[in-house]
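In: Please work out how this folds:
(chains A, B, C and D)
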There are 2 protein chains.
Amino acid sequence: MGEVPGLRERKKLRTRHALIAEALRLFLEKGYEQTTVSEIAMAADVSTRTFFSYFASKEEVLLYNARENLDRTLRAVAERRSDESPADLLARAVGLVFTTFAEDAEVARELASINQLVMSVPSLRAQALLLLFDTQRQLADALHRVCPDELDLIEASAAVGAVIGAAKLAGFVSLKRGDSSEEMVEACRRAADIALAGVRAVTIPEP
Amino acid sequence: MGEVPGLRERKKLRTRHALIAEALRLFLEKGYEQTTVSEIAMAADVSTRTFFSYFASKEEVLLYNARENLDRTLRAVAERRSDESPADLLARAVGLVFTTFAEDAEVARELASINQLVMSVPSLRAQALLLLFDTQRQLADALHRVCPDELDLIEASAAVGAVIGAAKLAGFVSLKRGDSSEEMVEACRRAADIALAGVRAVTIPEP
DNA sequence: CCATAAAAATACATGTGATGTAAATTTGCA
DNA sequence: TGCAAATTTACATCACATGTATTTTTATGG
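Out: Numbers count the residues shown, from 1 in each chain, chains lettered A, B, ... in the order given. All right, here's what the predicted structure looks like:
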């Protein structure tokens, strides 16, 4: 199992990273629609056809990293702690997303610019929403599997949909009205708490 | 104000309806991706270019009617009743969507087939999610404007996002596991109620 | 170190969605 | 009927995306 990546893998990684970096640079420089895939490929020193062997579409180039972050959330749900209620588990998993913002200021700035770009371009926004929605399906499934006695599949779906739906819209609205990244994160937390209150009311019916 | 549609308007309406009908027929007959815009236009007896003067994209042809339904929800929020709490208002507005299913069985079947088609094709799903998300922004804004004392903009966004997010995911999961339309609607109601419990907890802090 | 196989990048061809432009047609109204 | 405006059309064009065959690069075994 002690695998050394190998030249082939390392080169692929570098190419992928170069494509992402050049794409972001060009998008910010001259706009998303105004940038062609051909230009991105040219900037990263590969052929246009090669671009599509790394990314299925022009949108995915910006969503590639987001996909990995969401997978982290998915894994977090699978590892339920012994003393954790379903609501607490969900709160912890969703909270993980925001830790990335607090970790590194440099990365946070890049994430913020990507976020702003994605949210301002309809086709990118649509793809991001699709990715998030499909992840929610998996999250609901995982939550139900981990808490089969407390939540049936529909209740788990309601819980996941409510918490992420609330945080998503609140965060977006917060950014749209000109809030800072910190204020946006705080808005997401407040929104998630509101939704979680509903989840708690269901899982703990009556004392 | 006593406007008679006029031949020009009536003809446009008929053309639009024909395009939607032929598109749905072809999509169900041979699949969404396998159907070209040219074929749809041909079936509706117009040129390919004319299709794009009625719809901005191939996806929009199936989402055109959904847009109108969502506008109805938006108008419902604006008309708050005197004795209505924010949660009740939201519940009533969201509940409106399901009344369409109960009204006419024939229309309900067509809506169900459109729904299934949209949910099974990624690009359609993405556009539907985009439409729903952008509507939520307006809904949150309207809700905040109608209940400025009970909900700030972030809380209103959380409420709208939670309720619609919960119903959306629960309904989708319900359909995916093979439930009937009635069971799907019931799942949406249950999910919305869970989310609404959180909203109520916020708007009525402590007795 | 070379030969061979596997993997990746490339060139090339093609189809479809989408848009701009200008000409032709249809409709509304005096 | 005749004119003006709205609508449709044909034509050209571009970008995204995919299939196929060829070339280049990397890995591995003798």
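In: Show the contacting residues for A:A162.
Out: Taking Cβ atoms under 8 Å, 6 or more residues apart in numbering or on different chains, we find A:A162 in contact with A:A195, A:G198, A:V199, B:A162, B:V163, B:G165, B:A166, B:A191, B:I194, B:A195, B:G198. Glycine gets a C-beta too; all of them are placed from N, C-alpha and C.
In: what about the second one, which helix or strand?
Out: Think A:G198. According to DSSP states H and E, A:G198 maps onto helix A:181-203.
In: for A:R92, same thing?
Out: Applying DSSP H and E, one finds A:R92 within helix A:86-103.
In: and the closest residue to A:M184 other than its chain neighbours, what element?
Out: Closest residue in space to A:M184, ignoring its immediate chain neighbours: A:S174 at 4.4 Å, by Cβ to Cβ, 6 or more residues apart in numbering or on different chains. Following DSSP H and E, one finds A:S174 within helix A:153-176.
In: Enumerate the positions of that helix that are buried.
Out: By neighbour count with 16 or more other Cβ atoms under 10 Å in any protein chain shown, helix A:153-176 contains the buried residues A:153-175.
In: Next: stretch A:121-130.
Out: Neighbour-count burial for stretch A:121-130 flags A:V121, A:S123, A:L124, A:R125, A:A126, A:Q127, A:A128, A:L129, A:L130 (criterion: 16+ other Cβ under 10 Å).
In: roughly how far is it from the heart of the chain?
Out: Centroid displacement of stretch A:121-130 relative to its chain, using Cα atoms, centre = their mean, to the nearest Å, is 12 Å.
In: That stretch and chain B in contact?
Out: Yes: Stretch A:121-130 reaches chain B (Cβ under 8 Å from any Cβ of the partner chain) through A:P122, A:R125, A:A126, A:Q127, A:L129, A:L130.
In: Looking at those, which is nearest DNA strand D?
Out: Distance ranking of the residues of stretch A:121-130 next to chain B against DNA strand D, using Cβ to the nearest atom of the strand, places A:Q127 first at 9.1 Å.
In: what's the angle from the helix or strand where the closest one lies to helix A:86-103?
Out: Per DSSP H and E, A:Q127 falls inside helix A:122-146. Interaxial angle of helix A:122-146 relative to helix A:86-103 (axes from the mean of the first three to the mean of the last three Cα atoms, to 10 degrees): 140 degrees.
In: Report the mean confidence score over helix A:122-146.
Out: Helix A:122-146 comes out with an average pLDDT of 97.
In: How about the helix or strand hosting A:R14 and DNA strand D, touching?
Out: Per DSSP H and E: A:R14 is located in helix A:6-30. Yes: applying Cβ under 7 Å from any atom of the strand, one finds helix A:6-30 touching DNA strand D at A:G6, A:L7, A:R8, A:E9, A:K11.
In: State the pLDDT value of the last one.
Out: A:K11 is assigned 93 on the pLDDT scale.
In: ditto for the second one
Out: The predicted local distance difference test score for A:L7 is 67.
In: tell me the domain boundaries of chain A?
Out: Domain segmentation of chain A under automatic domain parsing yields A:1-55, A:57-203.
In: which one of those has the most crowded surroundings?
Out: Most buried of the domains of chain A, by mean neighbour count (mean count of other Cβ atoms under 10 Å in any protein chain shown): domain A:57-203, with a mean of 19.
In: Check whether it comes near DNA strand C.
Out: No: Domain A:57-203 lies out of reach of DNA strand C by Cβ under 7 Å from any atom of the strand, never closer than 9.0 Å.
In: for that domain, how far is the first residue from the last?
Out: Its first and final residues considered, domain A:57-203 spans 41 Å by Cα to Cα, to the nearest Å.
In: hang on, the earlier thing: out of the contacts of A:A162, who's near DNA strand D?
Out: Among those, not one lies near DNA strand D by Cβ under 7 Å from any atom of the strand.
In: which two of these lie the greatest distance from each other?
Out: Largest separation among the contacts of A:A162 by Cβ to Cβ: A:V199 and B:V163, giving 13.0 Å.
In: Out of the contacts of A:A162, which is nearest to A:A66?
Out: Distance to A:A66 across the contacts of A:A162 (Cβ to Cβ) is lowest for B:G165, with 18.0 Å.
In: Please work out which residues outside stretch A:100-117 touch it.
Out: Contacts of stretch A:100-117 (Cβ under 8 Å, 6+ apart): A:L24, A:F27, A:L28, A:Y32, A:L62, A:N65, A:N69, A:L124, A:L175, A:S181, A:V185.
In: so which pair among these is furthest apart in space?
Out: Greatest spatial distance in those: A:Y32 and A:V185, 25.0 Å, computed using Cβ to Cβ.
In: Return the residues in contact with A:I154.
Out: Taking Cβ under 8 Å, 6+ apart, we find A:I154 in contact with B:A170, B:V173, B:S174, B:A187, B:R190, B:A191.
In: Mind picking the one among those that's closest to chain A?
Out: Distance to chain A across the contacts of A:I154 (Cβ to the nearest Cβ) is lowest for B:A191, with 3.5 Å.
In: what distance separates stretch A:106-121 from the centre of its chain?
Out: 12 Å.
In: meant to ask about stretch A:159-179, not that
Out: Centroid displacement of stretch A:159-179 relative to its chain, using Cα atoms, centre = their mean, is 13 Å.
In: how close does the residue of chain A found nearest chain B sit to A:A195?
Out: Relative to chain B, the nearest point of chain A is A:G165 (1.6 Å; Cβ to the nearest Cβ). Applying Cβ to Cβ, to the nearest Å, the value for A:G165 to A:A195 is 7 Å.
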